[in-house]
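J.: Provided below for reference: sequence and predicted model.
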Amino acid sequence: MNPHEHELSYPFDDTLPEPGRRLQVAPGVFWLRMPLPFALNHINLWLLRDRFRGRDGWTLIDCGVATDELRGHWETVIAEELEGLPIVRVLCTHTHPDHVGLARMLCDRFAAPLWMTLGEYAMGRILSVAMPGADPEAGYRHYRRNGMAEGPQLEALGSRVRRHFPSLVPEMPQSFRRIGDGEAIPIGDRTWAVIVGTGHSPEHAALFSEADGLLISGDMVLPRISTNVSVFDLEPEANSLTWYLDSLRRFEPCPADALVLPSHGRPFRGLHRRIEQLREHHDERLAVVAAACREQAHHAAGMVPILFGREFDAHQMMFALGESLAHLNALWYDGVLRRETGEDGVVRFRAA
């Protein structure tokens, strides 16, 4: 959790919308808060009043995971919160299951097109069918190569990888409309500029309305937790952390008092300070990793308890190990660490 959260402000205090209900945060902008079956137990979705291709209705930002519970909440929203109007467009910030899981259902139901960046859409198609290289065997090799010992935890992690994405995103929409960095997208009475960032996902799209200082930040800037920045099996040499920190610069032109609408946590003000906090947080973690590797060589699995100081279930371990590897890779690319593969096939990092 963010130890400096008191430096941010929350204009809605502790007010939260109930699942299946909406809460207005600005004229024509409504907040939906849906449950998730994880330790991170909710996602924020955004309904924007719109007129799109001659149809009055709503542009929806993100969808939630494909579970029966969320399908039930969506039935409530559709029946009681849309003012009898359709969803005319679905825009997904990125391809993680809590954001894109129900996109196919909602796009089909309302004949609404999906808008996404190319990188996010393509990755969703790859992961939803577990293509070779993004399949259970690849996941197993990845975690074993990065220090997970044979045993129940590795077996549980492999099982989790096998079912995680396809179970929550059973099918992606079969077509999409590409959006890109800097594109101006009219939605209702506002124009939203696309801000593409990477590191958390391939081509994450945030949306900024300059006219009234609204930023739909997705997962790129969260108030209470640091965005997960991981390295996974499909791209084992990704420099995800450096990419993420570089991407944060793209939000600096937004005003400091912008109302940030994040995917997790509450709407807040204090964008510039939160960006500083995120940089400070990762600088501290990089220092911890560098110090540990000066003492002895470490693999990513061995770095998890050093960085996090607690145990994780299989779902959480997937991200904890990925984030540990992201910090190791960043220092390796910077020349602070060198990387070696042992006779046991495990990748370790030591001071250069």
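T.: Perfect, thanks for sending it.
J.: Enumerate every residue touching the nearest residue to residue 51 once chain neighbours are set aside.
T.: Excluding its sequence neighbours, the residue lying closest to residue 51 (C-beta to C-beta, 6 or more residues apart in numbering) is residue 188, at 7.0 Å. (Glycine included, C-beta is placed from N, CA and C.) Residue 188 sits next to 28, 48-51, 59 when contact means C-beta atoms under 8 Å, 6 or more residues apart in numbering.
J.: Okay, and the beta partners of residue 48?
T.: residue 29, residue 59 (DSSP bridges).
J.: That one contacts residue 85, correct?
T.: No - between residue 48 and residue 85 there is no contact under C-beta atoms under 8 Å: 11.9 Å.
J.: Of those two, give the one with the bigger neighbour count.
T.: More crowded of residue 48 and residue 85, by other C-beta atoms under 10 Å: residue 48, with 24 against 14.
J.: so where is the stretch 101-250 of the chain shaky, pLDDT-wise?
T.: 158-163 (pLDDT under 70).
J.: mind listing the strands for it?
T.: Here the stretch 101-250 of the chain has its strands, by DSSP state E, counting those that start in this stretch, at 114-116, 177-178, 184-187, 190-197, 204-209, 214-218.
J.: mind putting the ones you listed in CSV, distance to residue 146 included?
T.: Below are the strands of the stretch 101-250 of the chain laid out as CSV (distance: least, C-beta to C-beta, whole Å):
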stretch, distance to residue 146
strand 114-116, 30
strand 177-178, 33
strand 184-187, 39
strand 190-197, 25
strand 204-209, 24
strand 214-218, 27
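J.: Ok, which of the ones you listed comes nearest residue 34?
T.: Smallest distance to residue 34 across the strands of the stretch 101-250 of the chain (C-beta to C-beta): 14.8 Å, for strand 214-218.
J.: So which elements touch the closest one?
T.: strand 204-209, strand 259-262 (3 or more C-beta pairs under 8 Å, 6 or more residues apart in numbering; DSSP states H and E).
J.: For residue 242, which non-adjacent residue is closest in space?
T.: Spatially, and ignoring its direct neighbours in sequence, residue 242 is nearest to residue 330 (5.1 Å; C-beta to C-beta, 6+ apart).
J.: same question, residue 98
T.: Residue 98's closest residue in space is residue 43 (C-beta to C-beta, 6+ apart), at 4.5 Å.
J.: do the same with residue 234
T.: Per C-beta to C-beta, 6+ apart, closest to residue 234 is residue 134, 5.1 Å.
J.: ok, that neighbour - how many residues close by?
T.: Residue 134 has 19 neighbouring residues, counting by other C-beta under 10 Å.
J.: list the contacts for it?
T.: Contacts of residue 134 were listed using C-beta under 8 Å, 6+ apart, and they are 126-127, 233-234.
J.: shared neighbours of residue 48 and residue 85, which are they?
T.: residue 58.
J.: about what we covered before: out of the contacts of residue 188, which comes closest to residue 205?
T.: Distances from residue 205 to the contacts of residue 188, taken as C-beta to C-beta, are shortest for residue 59 (13.1 Å).
J.: How many residues are close by the closest one?
T.: 23.
J.: How much space separates it from residue 48?
T.: Relative to residue 48, residue 59 is positioned 5 Å away (criterion: C-beta to C-beta, to the nearest Å).
J.: what is in contact with the two at once?
T.: Counting by C-beta under 8 Å, 6+ apart, the shared contacts of residue 59 and residue 48 are 187-188.
J.: all helices of the stretch 201-350 of the chain, in order?
T.: 240-248, 271-295, 300-308, 314-333 (DSSP state H, counting those that start in this stretch).
J.: Ok, which of these comes nearest residue 99?
T.: Checking the helices of the stretch 201-350 of the chain against residue 99 by C-beta to C-beta gives helix 314-333 as the closest, at 15.3 Å.
J.: Turn the contacts of residue 188 into JSON lines, columns for distance to residue 175 and pLDDT.
T.: Supplementary listing: the contacts of residue 188 in JSON lines, determined by distance: C-beta to C-beta, whole Å; pLDDT from 0 to 100:
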{"residue": "28", "distance to residue 175": "27", "pLDDT": "98"}
{"residue": "48", "distance to residue 175": "22", "pLDDT": "98"}
{"residue": "49", "distance to residue 175": "25", "pLDDT": "98"}
{"residue": "50", "distance to residue 175": "20", "pLDDT": "98"}
{"residue": "51", "distance to residue 175": "22", "pLDDT": "97"}
{"residue": "59", "distance to residue 175": "17", "pLDDT": "98"}
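J.: Can you tell me how far residue 310 is from residue 287?
T.: Relative to residue 287, residue 310 is positioned 20 Å away (C-beta to C-beta).
J.: Who has more neighbours out of the two?
T.: Shown here are residue 310 and residue 287; by other C-beta under 10 Å, residue 287 has more neighbours (11 against 8).
J.: pLDDT score for that one?
T.: For residue 287, the pLDDT comes out at 98.
J.: swap in residue 324?
T.: Listed pLDDT for residue 324 reads 98.
J.: Spell out which residues sit in contact with it, please.
T.: Neighbours of residue 324 in contact, by C-beta under 8 Å, 6+ apart: 289, 300-301, 303-304, 307.
J.: Selection in ChimeraX covering whichever of the residues you listed are buried, please.
T.: Restricted to buried positions by 16 or more other C-beta atoms under 10 Å, the ChimeraX selection for these reads:
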select :289,300,301,303,304
